Every structure is written in structure tokens, then in C-alpha cells.
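1. Could you look at this predicted model? Sequence included:
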Amino acid sequence: MKHKGNNRKSINQYILIAVAVSALICFLAIAVARPCFDQVNAAVNLWVTGIQTEGLTDIAKAIDFFDTKVLLILTLPLAGVLLWKGHTDKAGLLAGAMGIDALLLEASKTLIASPRPLNSILVDVDNSFPSGHVTSIIVFGGMLTYLAWQNRKTISKLCAAAIGPLAAIVAFDRLYLNAHWLSDVLAAPFLALFIIAVTILIVPLLLHWIKMGKNPLKSSAKRDSHPKKPTLYGRAITRKPQNSTAVTTDA
């Protein structure tokens, strides 16, 4: 049974590695091919401008509230509750995923440096590619789904079913507000999948190393707690005479 469990774990790791590599390749491909999206980006931007109304804009601004910073703030109490209940690994996975999400988004926006549409309804000071809103909502919802799946599969199914529509709503919301180009939104899910897969692969290992690092001599202390068998030389010294009553004296 243990052998089957190890095989299943290895298969899951290979799947996660395949997902991470594939998602990263797709994300980088869209990033490199951004000039090819110029006409489509402009067409979508112009089309969205034609359907904007005051009422829809108010709704869109309300949906836009849940950005990366807000989701990071929500992560802190959730991770705290998990820690309080003794689920250190789950708290580390959720916090680690959102931390990696924030770092990679900042790095991507800085390195690619794609400007936002000039007709954006909102005032965003950072760069456009990729969409941080879409990436973060998928990472946040995806990690909650993964954590729920470990204990309650019914809840995880509900979470998984909600991620797709929620991500689609957020993606359309960012396009409607002219805050992003279509290419920004298309690249976001691939970056999110990469973050989720890498988090599940790496964070448990890091947590394990941290636990071992708190007491690196723990394993050796356990070995030292068991008395070692005396050596042949030691037995020769401490061994009692076989015949304790036999005493020889020389006159």
C-alpha cells in the first residue's frame, strides 16, 4: 500500500511539473507575440467603449474592488485561521501562492512594461501585462479549491465550478473598464496555473526544510539516545571474571 501511495505521489508531481511547464510556455508565447495582438486588442477596446453605460460602469467598478492587494489582505486572516487550527501546511500553501503571485506579477509588469490603454476609465499607475486581477482571482480561488479538495470534495467541486465564471466576469470587467488589452487577459490564466502548480510542488518542501531546520540535530539526538553496543575492547575491560570465587595468590 505504501508503494502504491508513493507511485501516486510521483505521478501527481509529474502532472504538476507538466502543467507548470506548459503554462509557462503559453504565457511566454503570448508575451513575446503581443505585437501580433495589436489589431485584435484595438478592436476589442473600441467595441467595449461602445457598450459602456453609466449603470454598467458602476457595477464594473464595484467588481474591480477585488484586486491583488485586497486578495492578499484576505489571505492573512484565512492563513491565520488555518494556523490556529493546526493546519500549518495549508496556511503555508495559501500564503505562499499569493506571495508568489504578487512577486511574479510585479516582475512581469516591470520587465515587459506594456502600457495600458489610453482610454482607461480607471487610473492605474502600473503596467498592463498581464492582468493582475484575473491572475490573482484564479490563484486565490484555485488554492482554496485545492485545500478544500483535501478534506471536503463537495466544497471543492463547488469552488472549482465557481472559479471559471468568476474569472470570466473579472476578465470582462477589466476589458470593459479599458484597463487592459485582450492579450493581458488571455495571458493571466496561464500565469495563474503556473503559480498554482509551482506552489503545490515547492512550498511543502520548503516547509519541511524549515521544520527540520528548527532542530537539525533532532534525528541524530534520537540515534544518540539509544546506548550503543559496547565494543569488543570495552567488553574486555568491563567484563566480570567468570569465576569470581577463584582467587590466585603467590606466596
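-> It's in.
2. just the helices in the protein please.
-> Using DSSP state H, the helices of the chain run over 2-32, 38-51, 54-63, 68-84, 88-112, 132-149, 153-176, 182-214, 218-225, 232-238.
3. what about the closest residue in space to residue 143 that isn't next to it in sequence, how many neighbours?
-> Nearest residue to residue 143, sequence neighbours excluded (Cβ to Cβ, 6 or more residues apart in numbering): residue 97, at 4.5 Å. No exception for glycine: its C-beta is placed from N, CA and C like everyone else's. For residue 97, the neighbour count with other Cβ atoms under 10 Å is 26.
4. right, and residue 97 touches residue 196 too?
-> Yes - with contact defined as Cβ atoms under 8 Å, residue 97 reaches residue 196; the gap is 6.4 Å.
5. Now the common contact residues for the two.
-> 139, 142, 143 (Cβ atoms under 8 Å, 6 or more residues apart in numbering).
6. which among these gets closest to residue 28?
-> Taking Cβ to Cβ as the measure, residue 28 sits nearest to residue 139 out of those, at 18.0 Å.
7. what's the residue closest to the geometric middle of the protein?
-> By Cα atoms, centre = their mean, the chain has its centre lying nearest to residue 97, at 2.7 Å.
8. Pull the contacting residues for it.
-> Residue 97 neighbours (Cβ under 8 Å, 6+ apart): 139, 140, 142, 143, 195, 196, 199, 203.
9. do the same with residue 119
-> Here residue 119 is in contact with 45, 49, 178 (Cβ under 8 Å, 6+ apart).
10. again, only this time at 10 Å
-> 45, 46, 48, 49, 52, 177, 178 (Cβ atoms under 10 Å, 6 or more residues apart in numbering).
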